[in-house]
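J.: Task: produce atomic coordinates for the following.
(one chain, ligands or ions: 1)
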Amino acid sequence: MRDGMSIIKSYTNETEAQIALEYLKALDITAVIEADNCGGMRPHMDLTCGVHLLVAGLDCEKAAAVLKESPEQSDAQPWTCAGCGENIEAGFDACWKCGNKHLGKQ
Ligand SMILES: [Zn+2]
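T.: Numbering: from 1, shown residues only. As a prediction, the model looks like this:
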């Protein structure tokens with residue numbers, strides 16, 4: 001079943017992998033999730049313990065490009081508060097200093 005498929009990304013939890021899988025499916029890219037339980041079944045692939053996303057060889061490049069520009073990742077950018085000019089770290093929706101909401105997402 002895994003013939004010709006390669007791991008294009010690894011996740012630390014299955015939920016994240018599932019989201020990516022659905023994302024790829026929507027784009028007609030065949031992908032499967034393989035959970036790694038660190039049991040040492042595949043020693044050469046056990047560098048990263050976690051959940052792996054596998055894609056067929058032909059779709060690998062496409063899938064990698066798609067995942068690179070997935071919305072959740074582009075959202076995680078630091079931003080500058082329009083209210084007070086404070087630099088806010090990625091992941092915050094509002095300014096910790098003045099409470100201004102992050103409206104102008106880039
Ligand atoms: Zn602010």
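
J.: chain center to the helix or strand hosting Thr15, what's the gap?
T.: According to DSSP states H and E, Thr15 maps onto helix 14-26. Put simply, helix 14-26 sits 9 Å off its chain's centre (CA atoms, centre = their mean, to the nearest Å).

J.: repeat for stretch 5-22
T.: 7 Å.

J.: show me where this protein has helices.
T.: Remark: helices assigned in the chain by DSSP state H are 14-26, 60-68, 71-74.

J.: These into a markdown table, with extra columns for mean neighbour count and distance to the ion?
T.: C-beta: built from backbone N, CA, C; applies to glycine. Listed next are the helices of the chain as a markdown table, based on neighbours: other CB atoms under 10 Å; distance: least, CB to the ion, whole Å:
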| stretch | mean neighbour count | distance to the ion |
| --- | --- | --- |
| helix 14-26 | 15 | 30 |
| helix 60-68 | 15 | 30 |
| helix 71-74 | 10 | 22 |
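
J.: Mind checking those helices for the one nearest to Cys95?
T.: Among the helices of the chain, the nearest to Cys95 by CB to CB is helix 71-74 (19.9 Å).

J.: how close does the residue in the chain sticking out farthest from the centre sit to Gly91?
T.: Residue farthest from the centre of the chain, counting by CA atoms, centre = their mean, is Cys84 at 31.3 Å. Distance of Cys84 to Gly91, given as CB to CB, to the nearest Å: 19 Å.
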